[in-house]
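Engineer: following is a predicted model, sequence given first.
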Amino acid sequence: MRALVLLRIAVFGAAWLTATPMAAQSGGAGSDHPEAEAKKNVFSFDLMVQERYDDNILELSQRDIDRVESGNSTPGRFLISTPDDFITNLAGRARWTGKPWSRRETRIAVAADANWYARNDIKNYEIYGASIAQELTASKKHLAMLRLSVTYTPEFYDRQLTDDDASFLAGHRIRESSRWRETNYFLAYDQDFIADRFDGRLALDHRRRNYNEFFPERDNSRNTVAVTLGGHPFKSYRFGLQGTAGVGRLQAHAELDSTPIPDDDISYDWTLFGFSTAVPWPGGRGGRFEAEINYEKRAYTTDNKFDLIRFGRHDDRLTWRAGIVQKLPVDLELVAYYERETNDANWPLFVIPSDDTTDYTAGRFSVALRWRTSVGK
């Protein structure tokens, strides 16, 4: 669940440390380059307070949403009281920028992100991270930079799942809470091809996710590689475009020797295509419109023909997002966006679809204030 959201799981955690997914923001292909630092050491601080609404916090199918809202579900099937919720997010980052090597900038940052749900506090979670970015070339004309970040999520509630092994031994269905912790390692090489006009990124991502004691067969690692190209087509106008393509694989632990029945294998091959743009508007303080669309495909690889949920299945997931960023007085920015995500599961012709639990649509709206400041010496 929330694969794309945890490719950017909390809109801010890892994204603040490396780069946001939108074009023409700091540190990504097609981005505006950071202003040259006149001082040797600069300390910068970001703080964001966000309120967002999510109309499907567990990414449930429409039938499951109806079950939650009506209350007509078997005991233990859901631990949430509503399928939607308001979430308060507080995110902060501190960064040092300096030049320990002549004409080559170094940035070191730490960040934290906390999310509180108004009606379903079982979904509360935090993310912590650290990053380093190092310029490899002294020339700004064809700037090359290496970035490394690590983010950690101590606990995230997924949903209630059937514990197949416990159910088999008990002779009836037993549901348990699926929770996991996650560590994500991100390495990127950024390269300018045409100064301030066209650049690219090669990114490697390794994600390790460990589930709680009820679902060890779901422990997994996901490795992805992505190429991003972007830039500003017009020299006199800071209109930004960016495209991304990525491939990877999630490999789950799957079969356990200690269990009496075959365990679920949630492994899948992963493909991503994305496009984003940023359109600034004039004004005393300025701002921009941002839009992004991502297509993700998951092709499950289990060879267990009795796994009617995953055998032969692939998911088509489409996410689009649009928003604005407006500069305000006293180093503040207003950030607002709307995001919509749909998942469409597909099976071979001879398989009876299980759309009841696999297809979903989720809409999210957010308004935030972001404060940025810096001090130097």
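Structural biologist: Received the coordinates, thanks.
Engineer: what is the burial count for residue 255?
Structural biologist: By other Cβ atoms under 10 Å, the residues close to residue 255 number 12. The C-beta positions use only the backbone N, C-alpha and C, and glycine is treated the same way.
Engineer: and for residue 289?
Structural biologist: Neighbour tally, residue 289, other Cβ under 10 Å: 15.
Engineer: beta-bridge partners for it, please?
Structural biologist: Applying DSSP bridges to residue 289 yields these beta-bridge partners: residue 279, residue 324.
Engineer: ok, now which ones touch it?
Structural biologist: By Cβ atoms under 8 Å, 6 or more residues apart in numbering, residue 289 lies in contact with 278-281, 322-324.
Engineer: so what touches the strand or helix carrying residue 167?
Structural biologist: Per DSSP states H and E, residue 167 falls inside helix 164-170. Helix 164-170 is contacted by residues 173-174, 176, 214, 259-261, 263-264 when judged by Cβ under 8 Å, 6+ apart.
Engineer: may I see the PyMOL selection of the buried members of those residues?
Structural biologist: Only the buried entries of the contacts of helix 164-170 go into this PyMOL selection, using 16 or more other Cβ atoms under 10 Å:
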select buried, resi 174+176+214+263+264
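Engineer: which one of the contacts of helix 164-170 sits closest to residue 44?
Structural biologist: Among the contacts of helix 164-170, residue 214 lies closest to residue 44 (Cβ to Cβ), at 42.8 Å.
Engineer: check the nearest residue to that closest one once chain neighbours are set aside and give its pLDDT.
Structural biologist: Spatial nearest neighbour of residue 214, chain neighbours left out: residue 176 (4.0 Å); criterion: Cβ to Cβ, 6 or more residues apart in numbering. Per-residue pLDDT puts residue 176 at 95.
Engineer: residue 176 and residue 182, how far apart?
Structural biologist: Separation of residue 176 from residue 182 (Cβ to Cβ, to the nearest Å): 19 Å.
Engineer: what does the helix or strand encompassing residue 316 rub up against?
Structural biologist: According to DSSP H and E, residue 316 maps onto strand 314-328. Residues external to strand 314-328 that are found in contact with it (Cβ under 8 Å, 6+ apart): 3-4, 285-300, 333-346, 358, 366.
Engineer: from the residues you listed, which land in strands?
Structural biologist: 287-300, 333-346, 366 (DSSP state E).
Engineer: now list the buried members of these.
Structural biologist: Buried positions within the ones in strands among the contacts of strand 314-328, assessed by neighbour count (16+ other Cβ under 10 Å), are 287-288, 290-292, 294, 296-298, 300, 333, 335, 337, 339, 341, 343, 345-346, 366.
Engineer: hey, which helix is longest across the chain?
Structural biologist: helix 62-70 (DSSP state H).
Engineer: dump that helix to PDB, keeping only the CA atoms.
Structural biologist: The C-alpha coordinates for helix 62-70 follow below in PDB (Å, rounded to 0.1, in the frame of the first residue of the first chain):
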ATOM      1  CA  GLN A  62     -15.600   1.100  -2.700                       C
ATOM      2  CA  ARG A  63     -17.300  -2.000  -1.200                       C
ATOM      3  CA  ASP A  64     -15.000  -1.800   1.900                       C
ATOM      4  CA  ILE A  65     -15.700   1.900   2.200                       C
ATOM      5  CA  ASP A  66     -19.400   1.100   2.300                       C
ATOM      6  CA  ARG A  67     -18.700  -1.500   5.000                       C
ATOM      7  CA  VAL A  68     -16.900   1.000   7.200                       C
ATOM      8  CA  GLU A  69     -19.500   3.700   6.800                       C
ATOM      9  CA  SER A  70     -22.400   1.300   7.400                       C
END
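Engineer: that one - contacts with which helices or strands?
Structural biologist: Helix 62-70 sits against helix 355-358, with contacts defined as 3 or more Cβ pairs under 8 Å, 6 or more residues apart in numbering; DSSP states H and E.
Engineer: tell me the mean pLDDT over the helix it packs on?
Structural biologist: Taken as a whole, helix 355-358 has an average pLDDT of 70.
Engineer: OK, contacts around residue 251?
Structural biologist: Residue 251 neighbours (Cβ under 8 Å, 6+ apart): 220-223, 267.
Engineer: of all these, which two lie farthest apart?
Structural biologist: 223 and 267 (11.9 Å).
Engineer: name the residues contacting each of these two.
Structural biologist: Common neighbours of residue 223 and residue 267 (criterion: Cβ under 8 Å, 6+ apart): 249, 251.
Engineer: okay, now residue 62: neighbour count?
Structural biologist: 14.
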